[in-house]
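Chemist: Fold the following, please.
(2 chains)
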Protein chains: 2
Amino acid sequence: MDIKILGSAAGGGFPQWNCACRNCVGVRNGTIRAEPRTQLQLALRLPTSGWLLVNASPDLRAQILSSPALSPKELPRESPIAAIVLTSADVDSVAGLLHLREFQPLQIYATPSVRRILAEENRIFRVLNRSNPPAVWQDIKLDNWLALPDVDSSAKEAELCCRAISLGGSYPDYVSESLRKSLPPEEAVIGLTFLQGGKKMFFAPSIPSQSDLWKTAAHSSDLCFMDGTFWTDDELIHVGGSSKTAREIGHIPLGGPGGLFEKFGPAGGGRRVLIHINNTNPILDEDSLEHAEALRRGWQIARDGMEFHL
Amino acid sequence: MDIKILGSAAGGGFPQWNCACRNCVGVRNGTIRAEPRTQLQLALRLPTSGWLLVNASPDLRAQILSSPALSPKELPRESPIAAIVLTSADVDSVAGLLHLREFQPLQIYATPSVRRILAEENRIFRVLNRSNPPAVWQDIKLDNWLALPDVDSSAKEAELCCRAISLGGSYPDYVSESLRKSLPPEEAVIGLTFLQGGKKMFFAPSIPSQSDLWKTAAHSSDLCFMDGTFWTDDELIHVGGSSKTAREIGHIPLGGPGGLFEKFGPAGGGRRVLIHINNTNPILDEDSLEHAEALRRGWQIARDGMEFHL
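Modeler: Down below sits the predicted model:
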């Protein structure tokens, strides 16, 4: 399995356009040792040809341009990007679909609930239907293996498969009350296990505190990308960005009691990578104690441009 | 009046993520003399303090980061970006609002029709209401002068004002038939005249062929930014990107009978700048005959990072 991290930051990126926290000022001015990061975006090489995007970040256009493997090779327009899988209806996950509006046939995998939110209450995403053929939406059923995208039966052994689990969490605030009531809560935020050639990768960029379902999938993977959004529960409140805690917006913090480090524990022999890192998180400062602690506990800290091969 | 061009390309940018036309391949590989360009975005300095964005491009996050004047200076989060004015509901014009979702109070000026398209059929834009106070939408009335944003009466002489005219054109394809029927066609695509200190700037990134209303505003301005999307009417068909002509999608081409160069004529003593340049337009190649012809006719060709002072 070939995986590219095109973006590693949480919503807003690093630095964030309107943020003057220590990290954002530091990375703008070069007064801390830290790398800028675009918003979370992964790409996986498909077994037959082309690439799968995991979510569609608001920074997707620049992320595609920065990765030559994703360039179209010939006329007529033919991008190697063939499919997208969505893990939620959050702006971070879906806004980049609007970058993909240029008459390109695509397959989009999402839970029926995420598909309905975009189809029924956000007509702007219909720009994807201008292509010939128009975008094809495929339903993700929780806890079922799915071949990505549908491949020839002759290619079975090289197949890339994917299984979704519910991570708990809730639908975005922008969804109407009436639609929200008709959607099963377990389809709001999913984690994805990818399987290819006997190797497993697990992807969970947001881990709400109410669920521990992710543990089995994470511990049994060869590589997992886990929610590295916040270090402390009240981080966003301190910079004046919000009145809500990390847990209230669907992210367990890394540190402290009940945080990711404690919950994950020492189990699992696979590689562990923190992704979806918020601009306020002290691990972004490579000279911070928190950065050192994450490494000491066996975690990698994702950067844009990282590549993994399983 | 201080104006920054943060982006100068049409929808998709240059190069476009999925395009392998001569220009896109050439700029990717460095085999033509051309500069990459992000999607059209202007910023105007407000007379009191802060900046006004003209439209909200899908590339807006990177465009803000590339312009130090737009960085927030202090905690709590306080961006100098205070307001946005929208000229249509096209993805090119509005997608960037999603980049501005980070709890920042904003004023957004748009025709009632554009506001209704986003409010009634695209709930995702409600992420702008998470700020405290939430985003305030202000109606643009055609052919009326409007102070941007509402300033103290004591600041009258330095006031930045704006007047919208209809450019014709149509609402985006993604708008439902039922809503479309209730919207006055003249609010679909507007051109804007900005006035400050006796100087006028006119902005018209898309000029549908059915209207000549723009001529008076363009000819009487000290600086005009005009639709430079396509050189020929069938440009998009040639690269396999669409089956529609330039005129069919709301842009008169630059060249040929009835094109912008002919229609604009030699009148007007102000500066004239081509903006919203599509990746397929030969003027992007600085060694092309078309590039030379545009310059010979007295037009400037916009590039990202250009600044103007009136």
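Chemist: the strands in chain A, which residues?
Modeler: A:2-7, A:41-45, A:51-54, A:81-85, A:107-110, A:136-139, A:145-147, A:161-166, A:190-196, A:199-204, A:223-227, A:271-275, A:299-301, A:307-309 (DSSP state E).
Chemist: Identify whichever of these lies nearest to chain B.
Modeler: strand A:81-85 (7.3 Å; C-beta to the nearest C-beta). Every residue, glycine included, has its C-beta placed from N, CA and C.
Chemist: does any part of that closest one sit near chain B?
Modeler: Yes. Against chain B, strand A:81-85 shows contacts by C-beta under 8 Å from any C-beta of the partner chain at residue A:81.
Chemist: got the CA positions of that strand in CSV?
Modeler: The C-alpha trace of strand A:81-85 is given here as CSV (Å, rounded to 0.1, in the frame of the first residue of the first chain):
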residue,chain,number,x,y,z
ILE,A,81,-7.5,10.8,-9.3
ALA,A,82,-10.3,8.3,-9.7
ALA,A,83,-12.1,8.2,-6.4
ILE,A,84,-12.7,9.8,-3.0
VAL,A,85,-13.8,8.4,0.3
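Chemist: OK, contacts around the closest residue in space to residue A:277 that isn't next to it in sequence?
Modeler: Excluding its sequence neighbours, the residue lying closest to residue A:277 (C-beta to C-beta, 6 or more residues apart in numbering or on different chains) is residue A:228, at 4.8 Å. Counting by C-beta atoms under 8 Å, 6 or more residues apart in numbering or on different chains, residue A:228 touches A:254, A:260, A:274, A:275, A:276, A:277, A:281, A:283, A:294, A:299, A:301, A:302.
Chemist: Find the least confident helix or strand in chain A, judged by mean pLDDT.
Modeler: helix A:235-238 (a mean of 86; mean pLDDT, DSSP states H and E).
Chemist: just the helices in the stretch 51-200 of chain A please.
Modeler: A:60-65, A:91-94, A:112-121, A:177-181 (DSSP state H, counting those that start in this stretch).
Chemist: Now do the phi/psi pair for residue A:255.
Modeler: phi -90, psi 180 (degrees, to the nearest 10).
Chemist: Which residue is the nearest non-sequential neighbour of it?
Modeler: Leaving aside its sequence neighbours, residue A:255 sits nearest to residue A:231 (C-beta to C-beta, 6+ apart; 5.3 Å).
Chemist: what about the least confident helix or strand of chain A and chain B, any contact?
Modeler: No. Helix A:235-238 lies out of reach of chain B by C-beta under 8 Å from any C-beta, never closer than 9.0 Å.
Chemist: Stretch A:99-113 now?
Modeler: Yes. Using C-beta under 8 Å from any C-beta, stretch A:99-113 reaches chain B at A:99, A:100, A:101, A:102, A:103, A:104.
Chemist: centre of the chain versus the least confident helix or strand of chain A, how much separation?
Modeler: Distance, stretch centre to chain centre, for helix A:235-238: 22 Å (C-alpha atoms, centre = their mean, to the nearest Å).
Chemist: if we can go back for a sec, which of the residues of stretch A:99-113 next to chain B has the most neighbours?
Modeler: Neighbour tally across these (other C-beta atoms under 10 Å in any protein chain shown): the maximum, 27 neighbours, falls on residue A:99.
Chemist: Get me the contact residues on the stretch 101-250 of chain A for chain B.
Modeler: Residues of the stretch 101-250 of chain A lying near chain B (C-beta under 8 Å from any C-beta): A:101-104, A:121-127, A:130, A:172-176, A:239-242.
Chemist: Buried members of these into PyMOL, please.
Modeler: The PyMOL selection below is limited to those of those classed as buried (16 or more other C-beta atoms under 10 Å in any protein chain shown):
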select buried, chain A and resi 101+102+103+104+121+122+123+124+125+126+127+130+172+174+175+239+241+242
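Chemist: hmm, back to that, kindly reformat the strands of chain A as JSON lines containing mean pLDDT and mean neighbour count.
Modeler: Listed next are the strands of chain A as JSON lines, based on pLDDT from 0 to 100; neighbours: other C-beta atoms under 10 Å in any protein chain shown:
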{"stretch": "strand A:2-7", "mean pLDDT": "98", "mean neighbour count": "22"}
{"stretch": "strand A:41-45", "mean pLDDT": "97", "mean neighbour count": "24"}
{"stretch": "strand A:51-54", "mean pLDDT": "96", "mean neighbour count": "24"}
{"stretch": "strand A:81-85", "mean pLDDT": "94", "mean neighbour count": "23"}
{"stretch": "strand A:107-110", "mean pLDDT": "96", "mean neighbour count": "22"}
{"stretch": "strand A:136-139", "mean pLDDT": "94", "mean neighbour count": "16"}
{"stretch": "strand A:145-147", "mean pLDDT": "92", "mean neighbour count": "15"}
{"stretch": "strand A:161-166", "mean pLDDT": "96", "mean neighbour count": "20"}
{"stretch": "strand A:190-196", "mean pLDDT": "97", "mean neighbour count": "23"}
{"stretch": "strand A:199-204", "mean pLDDT": "97", "mean neighbour count": "23"}
{"stretch": "strand A:223-227", "mean pLDDT": "97", "mean neighbour count": "25"}
{"stretch": "strand A:271-275", "mean pLDDT": "97", "mean neighbour count": "22"}
{"stretch": "strand A:299-301", "mean pLDDT": "97", "mean neighbour count": "19"}
{"stretch": "strand A:307-309", "mean pLDDT": "98", "mean neighbour count": "13"}
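Chemist: out of these, nearest to residue A:68?
Modeler: Residue A:68 lies closest to strand A:2-7 among these, at 11.0 Å (C-beta to C-beta).
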